[in-house]
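Colleague: I'll drop the sequence and a predicted model, then ask my questions.
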Amino acid sequence: MSGPILSVEGLGMRFGGFRALHGVTASFPARMLTSVIGPNGAGKSTFFNLISGAFAPSEGRIAFEGRDITGTPQHRFAALGIAKSFQITNVFPALTALENVRIAAQALVSRHDVWRRRDELPGLAEEARSLLEEVGLTHRAGAPAGSLAHGEQRSLEIAMALASRPRLLLLDEPTAGMSPKETVVAMELIRRLARERTVILVEHKMKLVMGISDRLLVLHHGELLAEGAPEEIRAHPEVRRVYLGERA
Amino acid sequence: MRAVADWFFRHPVLGAGFFILILPFITPYTALAVMILVYGLYALGFNIMYGHVGLLSFGHSALLGGGAYACGIALVHLGLPWGACILAGTLAGTLIAFVMGALAVRTRGIYFAMVTLALSQVAYFGFYQAEPWTGGENGLRGVNLRTLGIPGLSLDFTTPAVRYTVIGLLVWGAVALLARILASPFGAAMLAVRENEARAKACGFDVRLVRLQAMTLSGAFCGLAGALLALHLSIVPIETLHYTTSGVAVMMAILGGSNTFFGPFVGAAVFLFLESVVSTRTEHWPLVVGVVFVLFILLARQGIWGTLVARLR
Ligand SMILES: Nc1ncnc2c1ncn2[C@@H]1O[C@H](COP(=O)(O)OP(=O)(O)OP(=O)(O)O)[C@@H](O)[C@H]1O
Ligand SMILES: [Mg+2]
């Protein structure tokens, strides 16, 4: 299937009287890496929060694989097939890296069962281990997540998002706070992940995503300014104007 | 020493069994040992919310007290057999916790503490007013269980050794069940909610439902503790429902170490031991216990058991 995996129509969000996002209509083709870019405060995280269910939109609709999911509680998103990593790192700090990923994987199959032992659930520990390997954290499996370096925590979060086996992976500035070296490794990882699933990446550094994105969406002042292939966006006069002076 | 400690931490249920086995030999009198069992269970039940889900409840007196009254009423007014009385107490704790949880789980932090405190006050006045059933301010008297009928056997519950053995076995069973629940998939859900609510939701956990389920479970354990308390004391004082009883659970859990499985039980033992030793010497015993508590908060933040676990690991 080559139809859109996610589409939004007239999406808007108000915080009190402030319009953080307004009238965004867009669709995201399956198995592509689409980046949502825009300067600071453009509404990228707000957009991300809406499509990941953190808040219900004030206006507009969201459809995933043809189903209207507007207003679905956030905790259902993982089961739908949508997972995310946050702009601000969110892990389970006191638990080991391995346990972080194992719990994320467990959440898909068992959440309220008090009768079984969780170490008897088949396959979860193995799955967690292989996900840690995928993001390059095998050597840190036994360390408490809170003791990991910032960049490692970001990678751990991606592993946790992958543990819910998403068909749509949402990443909000996954390289925020990473060193240039870590950033290169992370972008390589994201490119690899995008081969097998749809990825929507939110990023304010345009340069960073130009090379790896199939498509780009540009937000500015809460509105959709432009969308298209990287070359089109690069040449877009409005986008050039918005990003002028912000050489990312 | 390290090997012994390690064994203890790796087998918490057997360790708890060992603790319960030696307890009556290290306490000055058996009644104190029974109180430690009961309050140890209460503190463990409280710590499901505090240590494992990360919510500070200030209303757990309603769960202990509700369990105690239900058990007492079942015995005094309904004349039910002892097993049914204990079950009634457990169910009452469960039910009260469910209602409290349903009203409180949308809040967190200090608001959760305030809502649960307010609801426990409602319980206090409810039981206080229902005098024909509860004895009002005099408490429920005459909760006298003399003989325990077990198929093929009749035991004299007034004998300290019998009483300790019966209550000890029930508490040990509850401890084993709790350890098992904490090792379940739901146990991990509680940790996820405690550690990071936003991430827990993103993983797919319904945070409110996890909290409600945990609160209800907590109520079952505290209700059972309440039932055993009623049978042990032969009376349910109205003070059981007082908010200070909620505070006692907080102190025990923190004193022993809320981040460990068995810490709250150890906290209960130390708390009651101190109380019994100091209160025979001075009427200002709450002051002494309070000072010890504050010293522990300042010097051993992990609590007694928590510090031991960390040192010996
Ligand atoms: N919960 C909120 N309440 C009020 N205002 C908010 C809230 N969240 C975001 N905003 C406002 O909405 C606007 C868009 O914010 P958003 O976080 O979506 O920007 P962004 O594009 O992600 O920026 P950045 O690149 O800094 O992450 C900002 O002006 C912000 O102050
Ligand atoms: Mg943002």
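Modeller: Structure received. Ligands and ions are numbered 1, 2, ... in the order given.
Colleague: what's the neighbour count on A:Ala54?
Modeller: A:Ala54: 17 surrounding residues under other C-beta atoms under 10 Å in any protein chain shown. Every C-beta, even on glycine, is put in place using the N, C-alpha and C of the backbone.
Colleague: give the contact list for it.
Modeller: Counting by C-beta atoms under 8 Å, 6 or more residues apart in numbering or on different chains, A:Ala54 touches A:74, B:198.
Colleague: give me that answer again for 6 Å
Modeller: A:Gln74 (C-beta atoms under 6 Å, 6 or more residues apart in numbering or on different chains).
Colleague: confidence score at it?
Modeller: pLDDT for A:Ala54: 92.
Colleague: ok, it to B:Ala192 distance?
Modeller: In this view, A:Ala54 and B:Ala192 are 17 Å apart by C-beta to C-beta, to the nearest Å.
Colleague: Now name the helix or strand holding whichever residue of chain B sits closest to ligand 2.
Modeller: For chain B and ligand 2, the shortest gap (C-beta to the ion) falls at B:Ala198, measuring 14.5 Å. If you go by DSSP states H and E, B:Ala198 is part of helix B:197-203.
Colleague: and that helix, what does it pack onto?
Modeller: helix B:207-233 (3 or more C-beta pairs under 6 Å, 6 or more residues apart in numbering or on different chains; DSSP states H and E).
Colleague: what do you get if the cut-off is 7 Å, keeping everything else the same?
Modeller: Helix B:197-203 sits against helix A:97-109, helix B:185-195, helix B:207-233, with contacts defined as 3 or more C-beta pairs under 7 Å, 6 or more residues apart in numbering or on different chains; DSSP states H and E.
Colleague: now these in CSV, with mean neighbour count?
Modeller: Shown next, in CSV, are these (neighbours: other C-beta atoms under 10 Å in any protein chain shown):
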stretch, mean neighbour count
helix A:97-109, 25
helix B:185-195, 24
helix B:207-233, 27
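Colleague: give the contact list for the residue of chain B found nearest ligand 1.
Modeller: Closest contact between chain B and ligand 1, by C-beta to the nearest ligand atom, is at B:Ala198 (13.0 Å). Residues in contact with B:Ala198 (C-beta atoms under 7 Å, 6 or more residues apart in numbering or on different chains) are A:86, A:90.
Colleague: Excluding chain neighbours, what is closest to the residue at the greatest distance from the centre of chain B?
Modeller: Within chain B, B:Ala202 marks the point farthest from the mean C-alpha position, 32.3 Å out by C-alpha atoms, centre = their mean. Excluding its sequence neighbours, the residue lying closest to B:Ala202 (C-beta to C-beta, 6 or more residues apart in numbering or on different chains) is A:Lys84, at 5.9 Å.
Colleague: Against ligand 1, how distant is the one you found?
Modeller: 13 Å (C-beta to the nearest ligand atom, to the nearest Å).
Colleague: The helices and strands packed on helix B:197-203 into CSV, with extra columns for distance to B:Val4 and mean pLDDT?
Modeller: Formatted as CSV, those follow (distance: least, C-beta to C-beta, whole Å; pLDDT from 0 to 100):
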stretch, distance to B:Val4, mean pLDDT
helix A:97-109, 27, 97
helix B:185-195, 26, 98
helix B:207-233, 28, 98
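Colleague: Going by residue numbers, what spans are strands in the chain?
Modeller: Picking chain A for this. A:4-15, A:18-29, A:33-37, A:59-64, A:67-68, A:82-85, A:168-172, A:198-203, A:215-220, A:223-228 (DSSP state E).
Colleague: oops, chain B please
Modeller: B:140-141, B:147-150, B:153-156, B:235-236.
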